[in-house]
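Engineer: have a look at this prediction, sequence included:
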Amino acid sequence: MKRNFTLCLLCLILSTAHAQYTEQFTFDPGFAMRNYITIDTSSHNLWQIGAPHKTHFTSAYTSPNVIVTDTLNPYTPNDTSMFVMKVPLVVWYFSRYIGVTDVHFFYQLRKDSGSIARIDVSNDNGLHWYDTRDTIPLAYPAGAPLHPAVLDTTTGWTFYRVQLDISPWPSADTTDTLLFRFVFISDSGSIGQDGWMIDNIDQFYYAEGVPMESQGKSVSIFPNPLHDELNISCREIIHSVSISDITGRVVRSKYCNSQNERIDVADLPNGVYLLRINGSEVRKFVKE
């Protein structure tokens, strides 16, 4: 079923071998992420959207807001808090459906050893839930299977990714929405910890064998995600490129005079970056 929904950020990437784009959502005023989030309204649920003012959680990844287990206070003992995020199973673009392959975001986590941070997923509107770490088959169409790491205490903002191959799910064709449930469970000895904070959630869609034309100058970047080298191809001459992090800080720039360029990004920290070409064309890529 074709669905129309608000895109907060739509990144289109040309490829003669595949089609891909990312929807990015934040929790800041004016963005539509709130329309995709349902916070459990049962008693003692700690999840809140707002600016963090805690001992270690003092600022958002992209200011001002995050979703966090209480914007002000430490999390309480013996509590189970959760929120659910809707993820369209497929999106309609260039006369065909493109399927979701992964969800990624930035997070910070401060907890004691007995507390649990977990992400569950459902493909039947919440009738059954699966722990993304070990229950469902997880694979990425362009590479080897990869299971997400255990969510554990961090010392700063950390990139996290859940990769999905929905094809093995027997009922995957009965719904047009996946549900992701973010669960935080505290134990009886929890005292004075900040909990779990999340920002900049991306939903990534991918399909093989679909040539796509970008708006404007038909720019292609690959691979995406990448590890050490970014390749750029453009129908017009590339005169300049710059790379900025999610805060807008320029971390790499280069003057060029060709239609194809390679940029070494091996030394950049893992995360989400924006590539600007000739001062106007913008593409987003993930370094991991």
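Structural biologist: Thanks, I have the structure now.
Engineer: list the contacts for residue 285?
Structural biologist: 221, 224, 225, 226, 230, 272, 273, 275 (Cβ atoms under 8 Å, 6 or more residues apart in numbering). (C-beta placed from N, C-alpha, C; glycine too.)
Engineer: rerun at 7 Å
Structural biologist: Residues counted as contacts of residue 285 (Cβ atoms under 7 Å, 6 or more residues apart in numbering) are 221, 224, 226, 230, 273, 275.
Engineer: in this protein, where is pLDDT below threshold?
Structural biologist: Residue ranges of the chain with pLDDT under 70: 1-22, 30-35, 42-43, 90-98, 134-148, 164-176, 206-218, 247, 279-280.
Engineer: what's the domain layout of it?
Structural biologist: Domain assignment of the chain by automatic domain parsing yields the ranges 10-208, 219-287.
Engineer: which of those domains is buried the deepest?
Structural biologist: The highest mean neighbour count among the domains of the chain, using mean count of other Cβ atoms under 10 Å, belongs to domain 10-208: a mean of 17.
Engineer: thinking again about what came up before, of all the contacts of residue 285, which comes closest to residue 158?
Structural biologist: Distance to residue 158, by Cβ to Cβ, is smallest for residue 273 among these, at 16.0 Å.
Engineer: ok, that closest one touching residue 243?
Structural biologist: Yes. Assessed by Cβ atoms under 7 Å, residue 273 is found in contact with residue 243 at 5.3 Å.
Engineer: okay, helices next: where are they in this protein?
Structural biologist: Assigned by DSSP state H, the chain shows helices spanning 33-36.
Engineer: dump the residue contacts of the residue located most distally from the centre of it.
Structural biologist: Going by Cα atoms, centre = their mean, the residue of the chain most distant from its centre is residue 257, 33.3 Å out. Contact analysis of residue 257 by Cβ under 7 Å, 6+ apart lists 237, 239.
Engineer: can you tell me how far it is from residue 240?
Structural biologist: Applying Cβ to Cβ, to the nearest Å, the value for residue 257 to residue 240 is 10 Å.
Engineer: next: residue 69.
Structural biologist: Using Cβ to Cβ, residue 69 is found at 43 Å from residue 240.
Engineer: ok, the residue nearest to residue 156 when sequence neighbours are not counted - contacts?
Structural biologist: Nearest residue to residue 156 in three dimensions, chain neighbours excluded: residue 108, at 6.7 Å (Cβ to Cβ, 6 or more residues apart in numbering). Shown in contact with residue 108 (Cβ under 7 Å, 6+ apart): 57, 154, 156, 157, 158, 197.
Engineer: test my guess that residue 243 contacts residue 251.
Structural biologist: Yes. Proximity of residue 243 to residue 251 meets the contact threshold set by Cβ under 7 Å, at 5.5 Å.
Engineer: surely residue 38 is in contact with residue 67?
Structural biologist: No. The pair residue 38 / residue 67 is not scored as a contact, 11.5 Å apart, by Cβ under 7 Å.
Engineer: on that earlier part again, dig out what the residue nearest to residue 156 forms beta bridges with.
Structural biologist: residue 197 (DSSP bridges).
Engineer: could you shift the numbering so residue one becomes 870, and keep it that way?
Structural biologist: Yes, from this point I'll number from 870; that puts the last item at residue 977.
Engineer: between residue 907 and residue 936, what contacts are shared?
Structural biologist: residue 952.
Engineer: picking up where we left off before, how much space separates the residue nearest to residue 1025 from residue 998?
Structural biologist: Distance from residue 977 to residue 998, by Cβ to Cβ: 24 Å.
Engineer: go on, residue 1021?
Structural biologist: Distance from residue 1021 to residue 998, counting by Cβ to Cβ: 21 Å.
Engineer: check contacts around residue 1112.
Structural biologist: Per Cβ under 7 Å, 6+ apart, neighbours of residue 1112: 1120, 1121, 1142, 1144.
Engineer: how much space between the residue lying closest to it once chain neighbours are set aside and residue 931?
Structural biologist: Nearest residue to residue 1112, sequence neighbours excluded (Cβ to Cβ, 6+ apart): residue 1121, at 4.1 Å. To residue 931, residue 1121 is 20 Å away according to Cβ to Cβ.
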